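Peer 1: Below: sequence and its predicted model.
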Amino acid sequence: MNIELITKQAIEIVSETGNYIRNEQSKFNIKNIEVKGKHDFVTSVDKNSEKKLVDGLIKILPESGFIAEENTSNKHGKKYNWIIDPLDGTTNFIHGLPPYAISVALVEDNKLILGIVYEITADECFYANIQSKAFLNDKEIKVSQTELIDESLIATGFPYHDYKRIDQFMKTLEYFFVNSHGVRRLGSAATDLAYVACGRFDSFYEYNLNPWDVAAGALIIQQAGGKVSDFRGGQDFIFGKEIIASNEILYQDFLKIINEIMVLDV
C-alpha cells in the first residue's frame, strides 16, 4: 500500500466534497432538514456528501469498506475500512454558523492509519497518516507546549441526547471555568480535535461521540505529538463513546481530572 498516494487522493476527494457543501450552504433553506432524534439533524447535503465520499474513496481502495454516519454503504472491508462523517456540525451548517467539517479516517485491521479533517468555512485541511507528520494545508503542525491546566484553553462538546452523566459533566465545566483560561464549545468534535493538533486548543474531552466524530482527528493529534485516550486512559476512544485529547505535557493531569469526575464505576 502506498499510504502517501492514498492520502493525497483522499484529500482531493474530501476537498471536492467540501466545495459541494460550501456551494449548497449558500442556498440552503433551514426548512429542508430531517430530525433523526432529539437535537440530531440530517439534511440532503449530509447524504449527498457521504455518497460523493464513498463513491470516490472506493475507487482509491476497492477492497475497503465503510463505517459512515448516514449508512450510504453497508460494505465492510476485511482489512481496510473508511470511517466517515460527511458533515460534522450539521446544526451549525443549517444555521450558517461555523465551524463544520468533513472527517475521513482509514483503519487497517482496526488500527488508524490515515486521518483528514477539512473545516469547510475556513478552507483548512488537517491531515496525517501513520507514516507522516501532521499538516494543515501542507504546513506541519504540532500540539501546544502548554504545561499547566491553569494556562490551558479547553474544548468540549455539550451532551445533546444522552444526559446520564450530565451532573458529572457540569462539574467538569465548573472546574475548568475556575482553573483554566476558559472552555470553548464549537459544535464540531472533528474540528475541536484538529484544533488540538495545531495547538489552538490545549485539551479536548467529550462523551457519547461516534467513531466518525473522532477517528480522523485522533490520528492527526497523535501524529502532531499529542495523546488520545478514553476517560480511563485506555485506547477505546474510537468506539467507546468517550475521548480526551491533549498535549503530552498536560495529558496526565488532564486525564486525572476527567477520570475522577466523569468515570462512574458500576
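Peer 2: Cool, got the structure. Numbering: from 1, shown residues only.

Peer 1: so who does the residue lying closest to I13 once chain neighbours are set aside touch?
Peer 2: With CB to CB, 6 or more residues apart in numbering as the measure, G56 is the residue that lies nearest to I13, at 3.7 Å, once sequence neighbours are left out. In this view, the C-beta of every residue, glycine as well, is placed from N, C-alpha and C. Contact analysis of G56 by CB atoms under 8 Å, 6 or more residues apart in numbering lists 13, 16-17.

Peer 1: Counting neighbours, which of these comes out on top?
Peer 2: Highest neighbour count within the contacts of G56: T17, with 25 neighbours (other CB atoms under 10 Å).

Peer 1: Quick check, pLDDT for the closest residue to I166 other than its chain neighbours.
Peer 2: Nearest residue to I166 in three dimensions, chain neighbours excluded: P159, at 5.9 Å (CB to CB, 6+ apart). Here the pLDDT value assigned to P159 is 82.

Peer 1: any idea how far P159 lies from I58?
Peer 2: According to CB to CB, to the nearest Å, P159 and I58 sit 34 Å apart.

Peer 1: Over to G233?
Peer 2: Counting by CB to CB, the gap from G233 to I58 is 36 Å.

Peer 1: Pull out the buried positions in the helix or strand harbouring F254.
Peer 2: Per DSSP states H and E: F254 is located in helix 248-262. Going by neighbour count (16 or more other CB atoms under 10 Å), the buried part of helix 248-262 is 249-251, 254-255, 257-258, 261-262.

Peer 1: Report all helices and strands that it contacts.
Peer 2: Helices and strands touching helix 248-262, by 3 or more CB pairs under 8 Å, 6 or more residues apart in numbering; DSSP states H and E, are helix 166-179, strand 203-207, strand 226-229, strand 242-247.

Peer 1: quick one: average pLDDT of it?
Peer 2: Per-residue pLDDT values over helix 248-262 give a mean of 97.

Peer 1: I'd like the C-alpha coordinates of it written as CSV, please.
Peer 2: Taking Å, rounded to 0.1, in the frame of the first residue of the first chain, the C-alpha atoms of helix 248-262 are listed here in CSV:
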residue,chain,number,x,y,z
GLU,A,248,1.8,15.1,26.2
ILE,A,249,2.8,17.6,29.0
LEU,A,250,-0.8,18.2,30.1
TYR,A,251,-2.2,14.7,29.4
GLN,A,252,-1.7,13.0,32.8
ASP,A,253,-3.1,16.0,34.8
PHE,A,254,-6.0,16.4,32.4
LEU,A,255,-6.8,12.7,32.5
LYS,A,256,-6.8,12.7,36.3
ILE,A,257,-9.4,15.5,36.4
ILE,A,258,-11.7,13.9,33.8
ASN,A,259,-11.3,10.4,35.3
GLU,A,260,-12.1,11.5,38.8
ILE,A,261,-15.2,13.4,37.9
MET,A,262,-16.6,11.6,34.8
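
Peer 1: hang on, the earlier thing: do you know which of the helices and strands packed on helix 248-262 lies nearest L153?
Peer 2: strand 203-207 (8.1 Å; CB to CB).

Peer 1: gap between E242 and K27?
Peer 2: Using CB to CB, E242 is found at 37 Å from K27.

Peer 1: So the two - more neighbours on which side?
Peer 2: More crowded of E242 and K27, by other CB under 10 Å: E242, with 21 against 6.
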